[in-house]
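Participant: build me a model:
(chains A and B)
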Amino acid sequence: MAAHSAVLSASKIMNPFWVGRLGNTAKVFGTTLIRHRNKTSLTPPPAKYGGRHTVTLIPGDGIGPELLNHVREVFRFTCVPVDFEMVNVNSALETDDDMNNAITAIRRNGVALKGNIETKHTLPASVKSRNNVLRTSLDLYANVMHCQSLPGVQTRHKNIDIVIIRENTEGEYSSLEHESVSGVVESLKIITRNNSIRIADYAFKLARERGRRRVTAVHKANIMKLGDGLFLQCCREVASGYPDITFDSMIVDNTTMQLVSKPQQFDVMVMPNLYGNVVSNVCAGLVGGPGLVPGANYGRDYAVFETATRNTGKSIAEKNIANPTAMLLASCLMLDHLNLNDYASLIRNAVLTTMNETRLHTADLGGQGTTSEVVQSVMRVIQSKGQFTAEL
Amino acid sequence: MAGKAWRSALSQVVGALKNETPQSRTFIRGIQTVTLIPGDGIGPEISNAVMKIFEAAKAPIRWEERNVTAIRGPGGKWMIPPDAKESMDKNKIGLKGPLKTPIAAGHPSMNLLLRKTFDLYANVRPCVSIEGYQTPYTDVNLVTIRENTEGEYSGIEHVIVDGVVQSIKLITEQASKRIAEYAFEYARNNQRASVTAVHKANIMRMSDGLFLRKCREAAEKYKDVKFTEMYLDTVCLNMVQDPTQFDVLVMPNLYGDILSDLCAGLIGGLGVTPSGNIGANGVAIFESVHGTAPDIAGKDLANPTALLLSAVMMLRHMGLHGHAKKIESACFDTIRDRKVLTKDLGGNSKCSEFTEAICQRMKDMD
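Facilitator: Below you'll find the predicted structure:
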């Protein structure tokens, strides 16, 4: 920063011919410096084509396509400057071409919004989970999920406010398996120092940014002494650099027991991949179900947004009963990421108003509403705010 | 000639007697001997409470107390004391209190040693909501059956290069087959309607795929029990929203560890959850899964419910359903009454008072 301002002030007293050149260099230099400082908030991709962003859209299977159609509907209505580039992935095919196209599209645009891609059991075991391939190819190392109790939703536990940060690329999801002897299968769980430090750093930075007081590491180091032991050690090392934030650890089975009896004690939680899966699903269930919580996957260069619990929802597909809240809130997270914060707040408030005040609930929350009714209600609330919108 | 016929007839009769099932063994002998391992901390006092209650219930059980502190055997390998092993092999049924896991004693945890010695492959935890001990979840009635020998807890770990650690999760056909068949057998014997296999075969295609295949094969043999399969994350999600939809759950080691503790949390914690470990050769050890609670040891404040319910589970396993029902009802009625409760259940009575209340209730029942 000092170098930036020094160069700018130097440029003021110098020859105008050089000022332009040095000014540009200073701007790039300054931006690079800023980029290295804020690791949790990435520089969003540059808006192309006249101020409109392009975002990759992967519909997936089950309820994904219909929910993402609703998201597009709401965006079109609210005149959000985002264009979607749709890439379809056929989960029934064995080849990886579809997936490679999707990954290339995300590399091009930098941001994606996706539904869950089904993993068919009828395909041979060498075909890996497509969602997992996407996460590891783009190195989306942090999965962030914020579980909050909503006043309009009836749950057994109240006042829950937990942020779960889950390592997204290694651990038990390394997809390294082999059958050494017939009838004996080995699956490898990989824990590395680099990734553990990276995710712990992310967790503490996020806690600091959001003013959170405590970070809890979830592990099973009493049994997996080397693997989870390494993870825990990395968390402790990173914690020592953040003295303002309390750090403690808890074994995963005790964690689940505490979550169902006293979930209010948790603040920010960081953990490896599989425990993240369990804990995030438990927390989603505690605040009201899979239809309410959005999830975000952040990497160094890319970000992909989806529902937190990643359900395909095959049994409720195309019946107009799915809950659009999670996907709409995920799209708001995406708008925040693109620095379109006003649009994000507008849509988010409309969704929460429909949830909490109008109390228009879909079947998974015990209500009678259909997906389209909820979406219509959201759009009506947006219109009532006096914003410039398209026709209802 | 006649002598030969006599001898063959006699040997046939003896052979028939030898092949009797464990249930009929009880009837022949009358009183069943059970190995009791009191454990550490609050172990001795809760074991005494259970023995007292069993006496009041007039259960045909004779207790043989043994200690299982690890000793170094020949060859430097750690093992349980030979008299304990001999007692278990003879009696086949054991009841165990909480054991202390020493941190720097050099030997592995006692639970691990017991598991290896008797090949305890199935951990069964029935979770039933207790009336009178309110939790946010009511009407929980499910059983988690967890594979106890392999999976993620094989203990095989390596440092590949500095900063990269690999843990191996082992799934074998034999162990998966064994646990799947046990789960269906349990469901059938306990009148349970369905068995759900919990897995993550979308990510761990080969390992959980093998486990799932074995479960499917076992399901074919037990057509009277409904079989479903569900992803681990879906089970967790649905469990905290509506636990009544689950019946019997069967799963590999790690998922079982997490889910069984999750279900214990639903009904009120480890202080009221029974647990049983089934091994090969008919061995079964029932235990309380809570800790040794050294801070309240010896002060008559402990809650014997977990060990008592495990002992009830043991009675059911042995076929003594009448006594099991009597003791269980007495225990639940006492808790439901809320007059005499230990501190962790919300009251302020002593362990002995709680035990006495249960014994009194059983006497009144007769």
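Participant: strands along the stretch 51-200 of chain A, start to end?
Facilitator: Along the stretch 51-200 of chain A, counting by DSSP state E, counting those that start in this stretch, strands occupy A:53-58, A:82-86, A:111-114, A:142-148, A:161-167, A:177-181, A:184-192.
Participant: low-confidence ranges in the stretch 51-200 of chain B?
Facilitator: Where the stretch 51-200 of chain B drops to pLDDT under 70, the residues are B:102-108.
Participant: which positions in it make contact with chain A?
Facilitator: Proximity of the stretch 51-200 of chain B to chain A (C-beta under 8 Å from any C-beta of the partner chain) is limited to residues B:135-137, B:152-153, B:155, B:157-159, B:162-174, B:200. No exception for glycine: its C-beta is placed from N, CA and C like everyone else's.
Participant: just the buried ones from these?
Facilitator: The neighbour count (16 or more other C-beta atoms under 10 Å in any protein chain shown) marks B:135, B:137, B:152-153, B:157, B:164-167, B:169-173, B:200 as buried among these.
Participant: redo the strands of the stretch 51-200 of chain A as a markdown table? Include mean neighbour count, mean pLDDT and distance to B:L210.
Facilitator: Listed next are the strands of the stretch 51-200 of chain A as a markdown table, based on neighbours: other C-beta atoms under 10 Å in any protein chain shown; pLDDT from 0 to 100; distance: least, C-beta to C-beta, whole Å:
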| stretch | mean neighbour count | mean pLDDT | distance to B:L210 |
| --- | --- | --- | --- |
| strand A:53-58 | 24 | 95 | 30 |
| strand A:82-86 | 17 | 95 | 37 |
| strand A:111-114 | 24 | 96 | 30 |
| strand A:142-148 | 22 | 96 | 27 |
| strand A:161-167 | 24 | 96 | 26 |
| strand A:177-181 | 13 | 91 | 8 |
| strand A:184-192 | 22 | 93 | 5 |
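Participant: any idea which of these gets closest to A:V351?
Facilitator: Nearest of these to A:V351, taken as C-beta to C-beta: strand A:142-148 at 13.0 Å.
Participant: hmm, who's touching the closest one?
Facilitator: The contact list for strand A:142-148 (C-beta atoms under 8 Å, 6 or more residues apart in numbering or on different chains) reads A:160-168, A:199, A:202, A:206, A:276, A:280, A:283-284, A:286-287, A:293-299, A:308.
Participant: quick one, it and strand A:161-167 angle?
Facilitator: Angle, strand A:142-148 to strand A:161-167, by axes from the mean of the first three to the mean of the last three C-alpha atoms, to 10 degrees: 160 degrees.
Participant: hey, C-alpha coordinates of strand A:142-148 in PDB?
Facilitator: Taking C-alpha atoms only, strand A:142-148 is exported to PDB below (Å, rounded to 0.1, in the frame of the first residue of the first chain):
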ATOM      1  CA  ALA A 142     -13.400 -24.300   1.600                       C
ATOM      2  CA  ASN A 143     -17.000 -25.200   2.000                       C
ATOM      3  CA  VAL A 144     -18.800 -22.600   4.000                       C
ATOM      4  CA  MET A 145     -22.200 -23.100   5.500                       C
ATOM      5  CA  HIS A 146     -24.000 -20.700   7.800                       C
ATOM      6  CA  CYS A 147     -26.800 -22.200   9.900                       C
ATOM      7  CA  GLN A 148     -29.100 -19.800  11.500                       C
END
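Participant: so what strands line up beside that strand?
Facilitator: In the sheet, strand A:142-148 lines up against strand A:161-167 (antiparallel), strand A:294-298 (antiparallel) (DSSP bridges).
Participant: centre of the chain to that strand, how far?
Facilitator: Put simply, strand A:142-148 sits 7 Å off its chain's centre (C-alpha atoms, centre = their mean, to the nearest Å).
Participant: state the distance from the spatially most central residue of chain B to B:L309.
Facilitator: With distances taken as C-alpha atoms, centre = their mean, B:G276 lies nearest the centre of chain B, 0.8 Å away. B:G276 sits 10 Å away from B:L309, taking C-beta to C-beta, to the nearest Å as the criterion.
Participant: just the ones of the residues of the stretch 51-200 of chain B next to chain A in helices?
Facilitator: B:173-174 (DSSP state H).
Participant: so who does residue 98 touch?
Facilitator: Assuming you mean chain A. Each residue near A:D98 by C-beta under 8 Å, 6+ apart is listed here: A:87-90.
Participant: nope, chain B please
Facilitator: By C-beta under 8 Å, 6+ apart, B:P98 lies in contact with B:39-43, B:287-293.
Participant: which of these are buried?
Facilitator: Buried among the contacts of B:P98 by 16+ other C-beta under 10 Å: B:39-43, B:287-290, B:292-293.
Participant: in helices, which of those residues fall?
Facilitator: When the buried ones among the contacts of B:P98 are checked against helices (DSSP H), the matches are B:G43.
Participant: what sits closest to A:D201 if chain neighbours are left out?
Facilitator: A:V238 (5.4 Å; C-beta to C-beta, 6 or more residues apart in numbering or on different chains).
Participant: next, count neighbours for B:I31.
Facilitator: Other residues near B:I31 come to 10 when the count uses other C-beta atoms under 10 Å in any protein chain shown.
Participant: doesn't the residue nearest to the centre of chain B belong to a strand?
Facilitator: Yes - counting by DSSP: H, G, I helix; E, B strand; the rest coil, B:G276 is located in a strand.
Participant: from B:Y186, how far out is it?
Facilitator: Distance from B:G276 to B:Y186, by C-beta to C-beta: 10 Å.
Participant: joint contacts of the two?
Facilitator: B:V124.
Participant: ok, what's across the strand from the spatially most central residue of chain A?
Facilitator: The residue lying closest to the centre of chain A (C-alpha atoms, centre = their mean) is A:A296, at 0.4 Å. Note on A:A296: beta-bridge partners by DSSP bridges are A:V144, A:F305.
Participant: wait, it touches A:R310, no?
Facilitator: No - look at A:A296 against A:R310 with C-beta atoms under 8 Å: they stay out of range, at 12.0 Å.
Participant: show me where pLDDT drops low in chain A?
Facilitator: Using pLDDT under 70, chain A drops low at A:1-48, A:392.
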